[in-house]
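> Pasting a predicted model and its sequence here:
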Amino acid sequence: MRLFLDSGILEEIEEIQSYGILDGVTLNPSLVKKAVENIRKSGKAKINMADYIKKILNTVPGLPVSLEVIGLDEQQMIDEARRLYDLFNPVANNVYVKIPVNCAFGDKENDFDAVGAIKAAASEGIPINCTLIFTPEQALLAAKAGASFVSPFVGRIDDHIRKRAGITFKKEDYFPSEGITQGSTLLDDNGILSGIDLVRKIVKIFNRYGIGTKVLAASIRNTRQLRESALAGADIATAPYNVIKGLVCHLKTREGMEKFTGDVVQEYASLLRGD
Ligand code: G3P
């Protein structure tokens, strides 16, 4: 499974990239806003958003970086996809344009505008990461429209199921992939038992029909969810910095290091270090 970093913070991207295990970066308007506002607040440097995005692209040459449109109708999204791609892809040839599967909200009824935009942009050769996926059927439509990646939002489905059931939770709390019961009722969102169950069902459909679109598990909140994304067959998972940092940790690994280090005798050390 490929591992992407879900962050717009340059230092985080540089650090994870320096470990040699990074396969890509995902951004959205909230992540870009947070990163740029942090720098502006710190007063450390004057910053221009376009240059900042270019820096990110140059930090991970050859690795996909998703940049999101903001349009609320089909033509706006197509224009923005072209603009993002023309402006930023020449920098390091690694831009994927993120388009939500459906841009309607409030009293808008333009539900299929985003699917149309994906179709148009993808047929021009712009690689599309279709985001805000909450059902397998949305993923299927995005794939049919030509998206290269579909991004099911794992953590947010879990939030939705818990919230509706009146359960209090913290964002990083583990949610079992097989779902949870309340009394004798197995909770679900129209047949989806958890974010990981959503990933599993999308993978199953794509495998069944030989669909080449990659499944990118997003909105990952903890390390176990990342493991379960891999078990569910996700092609890619994108996770925030703290989750990626946590992947390498286990109490017993630390304990083991302490014991092995304590047992090193001089003869063995000299053998390894040549002194
Ligand atoms: O990649 C999508 C991600 O940024 C959303 O994560 O934790 O806000 O649901 P979250």
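Structure received. Residues are numbered from 1 along each chain as shown.

> Only C-alpha atoms from now on, for both contacts and neighbour counts.
Will do.

> Please enumerate residues in contact with stretch 124-143?
Here stretch 124-143 makes contact (CA atoms under 8 Å, 6 or more residues apart in numbering) with 66, 81-82, 85, 95-102, 115, 118, 121-122, 146-153, 157, 192, 198, 201-202, 205-206, 211, 213.

> Let's see which of the residues you listed end up in strands.
Cross-referencing the contacts of stretch 124-143 against strands under DSSP state E gives 66, 95, 96, 97, 98, 99, 100, 149, 150, 151, 152.

> Enumerate the positions of stretch 202-211 that are buried.
202, 203, 206 (16 or more other CA atoms under 10 Å).

> which ones are touching the last one?
The neighbourhood of residue 206, defined by CA under 8 Å, 6+ apart, consists of 140, 212, 213.

> got the residues of the stretch 51-200 of the chain near the ligand?
Taking CA under 6 Å from any ligand atom as the contact definition, the stretch 51-200 of the chain meets the ligand at 155, 156.

> So, low pLDDT: which residues of the stretch 51-200 of the chain?
Scanning the stretch 51-200 of the chain for pLDDT under 70 picks out nothing.

> Which stretches in this protein count as strands?
Secondary structure of the chain (DSSP E): strands located at 2-6, 24-26, 65-68, 95-100, 128-133, 149-152, 181-182, 185-186, 214-217, 236-239.

> So in that sheet, which strands flank the third one, and in what orientation?
Here strand 65-68 is paired, per DSSP bridges, with strand 24-26 (parallel), strand 95-100 (parallel).

> Show residues contacting that strand.
24-29, 57, 84, 94-99, 129.

> same thing but at 6 Å, please
24, 25, 26, 27, 28, 94, 95, 96, 97, 98 (CA atoms under 6 Å, 6 or more residues apart in numbering).

> So what's the residue count around residue 42?
Around residue 42 there are 8 other residues, counting by other CA atoms under 10 Å.

> Would you check how far apart residue 133 and residue 236 are?
15 Å (CA to CA, to the nearest Å).

> on that earlier part again, which one of the ones in strands among the contacts of stretch 124-143 is nearest to residue 37?
For the ones in strands among the contacts of stretch 124-143, the minimum distance to residue 37 (CA to CA) is 19.6 Å, reached by residue 66.
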